[in-house]
Each structure stands twice: as C-alpha cells, then as structure tokens.
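> Next come a sequence and a model predicted from it.
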Amino acid sequence: MIRAALAGFWLVAVTLASTYAGVYLKTRPTTQAAATGHAGKQELKKIKPISVPIISGGVLKGYVSAEFSYLAEAADPHEAGLDPESFIVHEAFRLIYSNNELDFAHLEKPDLEVLTKQLTASVNARLGSNRIKETLVRNVTFVAKDDLSH
C-alpha cells in the first residue's frame, strides 16, 4: 500500500514539475529574440502593376507595364510608420517616365539594375531610413503604340 501511495505522489510531482517547466520555457523570451527585437526580420512584398506612357519628341511611343516587389525590414506593428508601397509606385513611375536613357524598345540587362538601384535609393531617401533593402523587378513589358488595338 505504501508503495502505491509513493508511486502516486511521485507521478503527481513529475507531472507538476514538467507542466511548470513547459510553461516557463514557452513564455520566457529567448535571448536572441530579445536582443534583436524586430531587427533582422525581412519580408518580401509584391506591388500592384503600374502602366507608364513613354513619350519621345512629343509623340506617344507606347506603354511600359511594370511589376515590382521589395525586400524590407519587417515593420513593428507597434510603430506608426509610412507604408513604402506608395512611395515605390511614385518613384518607379517618375523614374520610368522621365528617364530618357532607358530605351524600352531595346532594353538591356544593366538598364534594369540601374533602375532598381535608383528606385531603392530614392525611396529610402524619401522615407528617411534604409527600410527598403532591395527592389526586385517581377515583370517589365513594353507595348508599342502600334500594337494597341483601337
């Protein structure tokens, strides 16, 4: 009888100790997460496509349809900040529309890299931080005016 009682007490003690240890370890913040906070977390976000008219010499040549995504530091939900998506769309439109060096009829690989680096730098300057780590091109399509159906 004493053996059964001791076994029961032992079982209850082990169960309570393991439950306490599990709850303690689950609710205790890890040292790495506590030290870094939200720094280091990055997220990739997709931006809606934009259409930009290409005008050269006062004549409409066609339209550029472009889709971008960006890699940015994850925003802290407790911080009130600006969403960079509107700034990226604005800067992308401005860079494509006003850049006479980009010939979308004869586009080359280095042209897109220059565009994305300029886009990232100008958006970070407007936001006042280096939140945008990289801007990625998802799709760029040039449609000549002659190819459009009337």
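Thanks, I have it.
> how about the longest strand along the chain: buried residues?
In terms of residue count, the longest strand belonging to the chain (DSSP state E) is strand 59-73. Residues 61-64, 66-68, 70, 72-73 are the ones in strand 59-73 that count as buried (16 or more other CB atoms under 10 Å). From N, CA and C alone the C-beta is placed, and that goes for glycine too.
> State the mean pLDDT of that strand.
Regarding strand 59-73, the rounded mean pLDDT is 88.
> partners of it, with directions?
When pairs are called by DSSP bridges, strand 59-73 turns out to pair with strand 42-46 (antiparallel), strand 50-56 (antiparallel), strand 132-144 (antiparallel).
> hey, C-alpha coordinates of that strand in CSV?
C-alpha atoms of strand 59-73 as CSV (Å, rounded to 0.1, in the frame of the first residue of the first chain):
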residue,chain,number,x,y,z
VAL,A,59,4.9,61.6,-79.6
LEU,A,60,3.4,58.7,-77.6
LYS,A,61,5.6,55.6,-78.4
GLY,A,62,3.8,53.1,-76.2
TYR,A,63,3.4,52.0,-72.6
VAL,A,64,5.5,50.2,-70.1
SER,A,65,3.8,47.8,-67.8
ALA,A,66,5.9,47.0,-64.8
GLU,A,67,5.6,45.0,-61.6
PHE,A,68,7.9,45.3,-58.7
SER,A,69,8.4,43.7,-55.3
TYR,A,70,10.6,44.9,-52.5
LEU,A,71,12.6,43.3,-49.7
ALA,A,72,12.2,45.4,-46.5
GLU,A,73,12.7,45.1,-42.8
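> Off-centre distance for the helix or strand hosting Thr15?
Using DSSP states H and E, Thr15 maps to helix 2-27. Between the centre of helix 2-27 and the centre of its host chain there is 46 Å, according to CA atoms, centre = their mean, to the nearest Å.
> how about the strands paired with strand 59-73 in TSV, adding distance to Arg94, mean neighbour count and mean pLDDT?
Formatted as TSV, the strands paired with strand 59-73 follow (distance: least, CB to CB, whole Å; neighbours: other CB atoms under 10 Å; pLDDT from 0 to 100):
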stretch	distance to Arg94	mean neighbour count	mean pLDDT
strand 42-46	20	12	88
strand 50-56	9	15	88
strand 132-144	14	15	88
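> Good, wrapping up.
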